[in-house]
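**Q** Mind looking at a prediction? Sequence and model below.
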Amino acid sequence: MRSTDRFALHDVSCSIGGRDLRVANLSVGGFFVVCDPPLPLAQSVAFDLVFSDGWRASAVGRVVWVNGGESAPSSPLPIGCGITITKIAFPDKLAIVDRLRRASGPPLARGGATAE
């Protein structure tokens, strides 16, 4: 598995500042979160990735790209933003890798379905 491989996991949300947001895709290094309006580019965010089975991982990230908002959406993804994970506990990162490995289906195509 490459760090850029993205997976659509329908049972993942992201809690940022008390808001629960849908995660459109997830990789070892980041994710795309659906939010309107999108978070500002380059903003640092503390978040929890929350899985439907109750497991969660707290981490810190940075908004690395924005889809929509003041400009027309530039990809087939909904309005939202790509967040790269900048700080996460190693056991949580390993758990995410394990969950991605067990995800059904191949990684998403890079064009239009990335978090970077």
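**A** Nice, I can see it.
**Q** For the residue nearest the centre of the chain, name its beta-bridge partners.
**A** For the chain, the residue nearest the mean C-alpha position is residue 31 (1.8 Å; CA atoms, centre = their mean). Beta bridges link residue 31 to residue 26, residue 83, judged by DSSP bridges.
**Q** What segments of this structure are helices?
**A** With DSSP state H as the criterion, the chain has helices at 90-102.
**Q** and the residue nearest to the centre of the chain, what is it in contact with?
**A** Contact analysis of residue 31 by CB atoms under 8 Å, 6 or more residues apart in numbering lists 12, 14, 23, 24, 25, 49, 82, 83, 85, 115. For every residue, glycine as well, the C-beta is placed using N, CA and C.
**Q** On the pLDDT front, check it for me.
**A** pLDDT recorded at residue 31 is 95.
**Q** please renumber so the chain begins at 30
**A** Sure, I'll start counting at 30 from here, so that last one is residue 60.
**Q** quick one: it and residue 106, what's the gap?
**A** 11 Å (CB to CB, to the nearest Å).
**Q** Would you format the contacts of residue 60 as a markdown table with neighbour count, pLDDT and distance to residue 67 included?
**A** Formatted as a markdown table, the contacts of residue 60 follow (neighbours: other CB atoms under 10 Å; pLDDT from 0 to 100; distance: CB to CB, whole Å):
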| residue | neighbour count | pLDDT | distance to residue 67 |
| --- | --- | --- | --- |
| 41 | 22 | 93 | 18 |
| 43 | 24 | 96 | 13 |
| 52 | 23 | 95 | 14 |
| 53 | 22 | 91 | 12 |
| 54 | 21 | 91 | 15 |
| 78 | 25 | 97 | 18 |
| 111 | 27 | 94 | 9 |
| 112 | 28 | 97 | 10 |
| 114 | 22 | 96 | 18 |
| 144 | 26 | 40 | 13 |
